[in-house]
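**Q** Give the three-dimensional model of this entry:
(one chain, ligands or ions: 1)
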Amino acid sequence: MAFSLTWLPDVLKAAGLKVALVEGWETRGRGEMGKVRGVICHHTAGSRNGNMPTLGILIKGRSDLPGPLAQLGLGRDGTWYVIAAGRCNHAGKGNWQGITTGNSNLVGVEAENTGSTKDFPWPAVQMDAYRRGVAAILNHVGKGPEFCCGHREYALPKGRKDDPLFDMAAFRDSVAAILNGTAGPPPLIPAAEPPRPNGQAGRITLRRGMTHPLVKELQARLGVDQAGVFGPRTEAAVRAFQRDQGMLPDGIVGPKTWAALDAPPQQQPVPVGPPPVVKEIDESPRVLATPVAPAAPAPPPAGGITLAEAHDVLADVTAAHPTADWDERLTLAVQRTLGALYLLNPNDDVDGDAGPRTRGAWALFAADARLAGGGGAIDPVGTRRLIDASKNPAAFIGAPIVQLLPDFEFRRAKRTVNQQRSVEALIQAATAQKLTKPQIAYILATAEHESDRFATLEEYASGAAYEGRADLGNTQPGDGRLYKGRGYVQLTGRNNYRAYGTRTGIRILELPYILMNWASLSVYVIVDGMMRGAYTGRRLDQFVNKDQQDFRNARRVVNGLDQADKIAAQAQAWLARL
Ligand SMILES: [Zn+2]
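**A** The predicted model follows:
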């Protein structure tokens, strides 16, 4: 059963903070928590590398102290990790404001920092998130700033703890300002560099979770694997680079870090990577530091409109435009930005035609962003939200907390090229999970069958047939259509979407269209789900293992024995080709 602090994610999200749910958080705890009367701020004293390297220890505990060790972790990039909804072992003996039962009455926040003076000051983005998150929690429980303390202030005997190193009195002043509404806006890193003197747009700010063409270039400069996804390793390399340059190691590549990357190296050897190539840069075109001659013209952007152009069109909207009246320019701009959020297929759906698919995606965005009018029109408030969200998609759709492959195009009805790309990605993901060839063959057969031979990642039926299916968790009106089959395995039903939202960190429960427009996310869902038995409780290795290769009954991993023989034959065919 869930413990009582299940409000934590909503409260943090409502404060505009980035939140990642750690699987199992709702039922994690050392029993139930008492009444929340405040917050204790800690630092992890963990490793110098990574965004939240201590997360595993906070969940499981140490040999001398069983976990969980805090309800919340705070990453270096300001992401709040929700670890537990119950009581945690973080406080020990102490006293603050007369409260001596810290574990029962004070929420513990473990912020990632080594606790060394060399790791000081903390990244501004992390400190800002720390203050805002603590303020949001205090506000929720009806307490003032005096009810947050540092562990070193709480712990007895005095001197037992030294965390955190920053000035708690100043921290409480800032929390007070946030609670009073007198704090300024958060110190945002600009979404992109300023435009170049020649009028070209500047490079966008890159951060963890992004899959932008510039990521590969960044990876080449840093000498890390050019996987194209800004994952933990790239982030660690960015931090190391920033430290070497004497910059704040926040792991985010904003204008200052781009400039530092451009600067000619001093003494240090340049990491040798493959030479940068101009390819598929469909936004923020820029001059490469190493000229490539002859310069190949970049392919035209999807739908003939760059994201920057789409932002300009949206910024010009001064009044409400009902969806029925959108002109082609406005429609293209909305489609381009919704494509950047995977609410539309960036390749198929940016066509200037405001059809049902576009209006549906806009309505979903508008409802999620709580825009007035619920998506019947677009107005300057709505365009602003769309611009902001598409400039930093991870803040809106969530940042992956699992390793995803670089994204690739999956276009409606383009079977041949879809199959080639999909099979390659599915094999890569399954091989990384150490699946055997027969197991991989069965996953390929399932994907082939469920995607109508790689023609679609969206079930053709409307989904109305799933309405009210309690076994799928479809308890709300409209759930049938909203949670119809999507992805390579045709993930279906509110329960499955919730489970995969939690597991991946991507908000597919709230924004289910993402799953059919983000092919590599869909690859993760089918491989992980079949391997772990997420859909029916049956795992692939129960039927396909070293002792047997029961391709017929393996269908039970996904859907009873529906078309079991046909898919078994397809699996045999794939196995012969692997
Ligand atoms: Zn502590």
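
**Q** where in this structure is pLDDT low?
**A** Low-confidence segments of the chain (pLDDT under 70): 185-188, 197, 264-303.

**Q** wait, what's in contact with A571?
**A** Counting by Cβ atoms under 8 Å, 6 or more residues apart in numbering, A571 makes contact with 438, 441-442, 444-445, 551, 554. Every C-beta, even on glycine, is put in place using the N, C-alpha and C of the backbone.

**Q** That one - that's part of a helix, no?
**A** Yes. Counting by DSSP: H, G, I helix; E, B strand; the rest coil, A571 is found in a helix.

**Q** All further residue positions should be reported with the first residue as 129.
**A** Sure, I'll start numbering at 129, so the last one becomes A699.

**Q** Report how many residues lie close to the closest residue to it other than its chain neighbours.
**A** For A699, ignoring the flanking residues on the chain, the nearest one in space by Cβ to Cβ, 6 or more residues apart in numbering is A573 at 3.8 Å. A573 sits with 23 neighbouring residues when counted by other Cβ atoms under 10 Å.

**Q** Then A573 would be within a helix, right?
**A** Yes. The assignment for A573 (three-state DSSP) places it in a helix.

**Q** Relative to F582, how far out is it?
**A** For A573, the distance to F582 (Cβ to Cβ, to the nearest Å) stands at 12 Å.

**Q** Could you tell me which residues of the protein lie near the ion?
**A** The chain has residues 170, 279, 291 near the ion, with proximity defined as Cβ under 5 Å from the ion.

**Q** Tell me how far the host helix or strand of the first one lies from the chain's centre.
**A** Element membership of H170 [criterion: DSSP states H and E] is strand 166-171. Centroid displacement of strand 166-171 relative to its chain, using Cα atoms, centre = their mean, to the nearest Å, is 25 Å.

**Q** On the C-terminal side of that strand, identify the next helix or strand.
**A** With DSSP H and E, the next secondary element past strand 166-171 is helix 183-188.

**Q** got the residue ranges for the strands in this structure?
**A** Remark: strands assigned in the chain by DSSP state E are 147-149, 166-171, 189-190, 193-194, 200-202, 208-210, 234-239, 276-278, 449-450, 505-506.

**Q** Figure out which of those is closest to P322.
**A** strand 505-506 (27.4 Å; Cβ to Cβ).

**Q** Other residues contacting the closest one?
**A** If you take Cβ under 8 Å, 6+ apart as the criterion, strand 505-506 is touched by 445, 448-451, 454, 458, 462, 490, 514.

**Q** And the residues you listed, which two are furthest apart?
**A** Pairwise distances across the contacts of strand 505-506 (Cβ to Cβ) peak at 16.2 Å, for the pair P450 and L514.

**Q** Would you mind telling me which of those two has the busier surroundings?
**A** Neighbour count, other Cβ under 10 Å: between P450 and L514, L514 has more, with 28 against 10.

**Q** what sits against the more buried one?
**A** Listed by Cβ under 8 Å, 6+ apart, the contact partners of L514 are 442, 462, 465-466, 493, 506.

**Q** Neighbour count and distance to A527 for those - can I get that in JSON lines?
**A** Listed next are those as JSON lines, based on neighbours: other Cβ atoms under 10 Å; distance: Cβ to Cβ, whole Å:
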{"residue": "L442", "neighbour count": "22", "distance to A527": "24"}
{"residue": "V462", "neighbour count": "29", "distance to A527": "24"}
{"residue": "T465", "neighbour count": "29", "distance to A527": "18"}
{"residue": "L466", "neighbour count": "27", "distance to A527": "19"}
{"residue": "F493", "neighbour count": "25", "distance to A527": "18"}
{"residue": "I506", "neighbour count": "27", "distance to A527": "26"}
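
**Q** from these, which two are the most distant?
**A** Pairwise across the contacts of L514, and taking Cβ to Cβ, the largest span is found between L442 and F493, at 12.4 Å.

**Q** hey, where'd the helices end up in the stretch 529-678 of the chain?
**A** Taking DSSP state H, counting those that start in this stretch, the helices of the stretch 529-678 of the chain run over residues 543-560, 565-578, 607-610, 622-632, 642-645, 647-660.

**Q** deepest of those, which one?
**A** Most buried of the helices of the stretch 529-678 of the chain by mean neighbour count (mean count of other Cβ atoms under 10 Å) is helix 642-645; its value is a mean of 26.

**Q** So what's the gap between it and the chain middle?
**A** Its chain's average C-alpha position is 14 Å from that of helix 642-645, according to Cα atoms, centre = their mean.

**Q** Same question for stretch 462-469.
**A** For stretch 462-469, the distance to the chain centre is 17 Å (Cα atoms, centre = their mean).

**Q** Alpha carbons only: can I get that stretch in PDB?
**A** Output of stretch 462-469 as PDB, limited to C-alpha atoms (Å, rounded to 0.1, in the frame of the first residue of the first chain):
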ATOM      1  CA  VAL A 462       2.200  24.700 -34.100                       C
ATOM      2  CA  GLN A 463       3.000  21.400 -35.700                       C
ATOM      3  CA  ARG A 464       6.700  22.000 -35.700                       C
ATOM      4  CA  THR A 465       6.700  22.700 -32.000                       C
ATOM      5  CA  LEU A 466       4.400  19.800 -31.100                       C
ATOM      6  CA  GLY A 467       6.700  17.600 -33.200                       C
ATOM      7  CA  ALA A 468       9.600  18.700 -31.000                       C
ATOM      8  CA  LEU A 469       7.600  17.400 -28.000                       C
END
